[in-house]
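In: take this sequence and fold it.
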Amino acid sequence: MELLIAGLLLFIGGHSVKLAAPAWRTQMIARIGLLPWKGIYSLIAASGIVLMVIGYGQARIDPLWLWQPPLWLRHVTILLTLPAFILLFASQIPGNILQAKIGHPMYAGIKVWSFSHLLANGGVHDILLFGSLMIWGILGFLISRRRDKASGVKKPYKGLSRDLITLSVALGVWAAVAFWLHALLIGVKPF
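Out: Modelled structure (predicted):
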């Protein structure tokens, strides 16, 4: 469990610098340069992911269960991950309607993805992983939206073609994960 916690601290902590200390981040980029900053940031994020994966895998070997979710909640989880993927990819494809309306669809997608996985998993390690990511998603969304409103920042909408690209990519990746990659990487077959 220690590796899972360390991974969460590195991953969420690294990703939260812009949320919690934007002025310090700007100063560091000015001091060391954008590329070195991105390199350090990437190393911290990648280290966090590796530790989370190893720690979560170890915790699954001898889990401490708080509850056993009913089987039908897995189906709800599968359905909820579809809009989560759409939101996540909407954050990466500029000019789509979700980015223009929501402002920060990545955080919204993380909230939905984490919540859906909390429904289908009842171990302490599950609550630690998915609960931490959900709280980070909620806080990140609230802080980012508040900053956007204060600064008047609005993301532009560039038309239906961006929406269709977002939807197509998200559906394709969701299908690959749901039908193949989740079983390969996580060891659990959603279907």
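
In: what's the separation between the residue most central in space within the chain and A23?
Out: In the chain, the residue lying closest to the centroid (C-alpha atoms, centre = their mean) is I110, at 3.9 Å. Per C-beta to C-beta, to the nearest Å, I110 is found 24 Å from A23. Where C-beta positions appear, they are placed from N, C-alpha and C, glycine not excepted.

In: let's verify the residue nearest to the centre of the chain: helix, strand, or coil?
Out: Assigned by DSSP: H, G, I helix; E, B strand; the rest coil, the conformation of I110 is helix.

In: what confidence value was assigned to the residue nearest to it when sequence neighbours are not counted?
Out: Computed as C-beta to C-beta, 6 or more residues apart in numbering, the closest residue to I110 that is not its neighbour in sequence is G137, at 3.5 Å. In this model, G137 is scored at 97, pLDDT.

In: G137 should be in a helix, yeah?
Out: Yes - judged by three-state DSSP, G137 forms part of a helix.

In: tell me how far it lies from Q92.
Out: Distance from G137 to Q92, by C-beta to C-beta: 16 Å.

In: so which of these two has more stuff around it?
Out: G137 (23 against 13; other C-beta atoms under 10 Å).

In: what's around A170, how many residues?
Out: 23.

In: pull the contacting residues for it.
Out: When contacts are counted by C-beta atoms under 8 Å, 6 or more residues apart in numbering, A170 touches L82, F85, I86, L88, F89, A90.

In: domain parsing for the protein?
Out: 1-62, 65-191 (automatic domain parsing).

In: most packed of those?
Out: domain 65-191 (a mean of 17; mean count of other C-beta atoms under 10 Å).

In: need the distance between the two termini of it.
Out: 23 Å (C-alpha to C-alpha, to the nearest Å).

In: how far does stretch 12-20 sit from its chain's centre?
Out: 13 Å (C-alpha atoms, centre = their mean, to the nearest Å).

In: what about it, average pLDDT?
Out: 95.

In: send over it as CSV, restricted to the C-alpha atoms.
Out: These are the backbone C-alpha positions of stretch 12-20, laid out as CSV (Å, rounded to 0.1, in the frame of the first residue of the first chain):
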residue,chain,number,x,y,z
ILE,A,12,-1.5,14.1,-8.0
GLY,A,13,1.1,16.4,-6.3
GLY,A,14,2.9,17.0,-9.6
HIS,A,15,-0.3,17.6,-11.4
SER,A,16,-1.5,20.0,-8.7
VAL,A,17,1.3,22.5,-8.8
LYS,A,18,-0.5,24.6,-11.4
LEU,A,19,-3.6,24.4,-9.2
ALA,A,20,-2.1,25.1,-5.8
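
In: oh, and call the first residue 812 from now on, that's how I've got it
Out: Shifting the count to begin at 812 puts that one at stretch 823-831.

In: what comes into contact with that stretch?
Out: 835-836, 852, 855-856, 859, 943-944, 947, 950-951, 954-955.

In: in helices only, show me those residues.
Out: Residues of these located in helices (DSSP state H): 835-836, 852, 855-856, 859, 943-944, 947, 950-951, 954-955.
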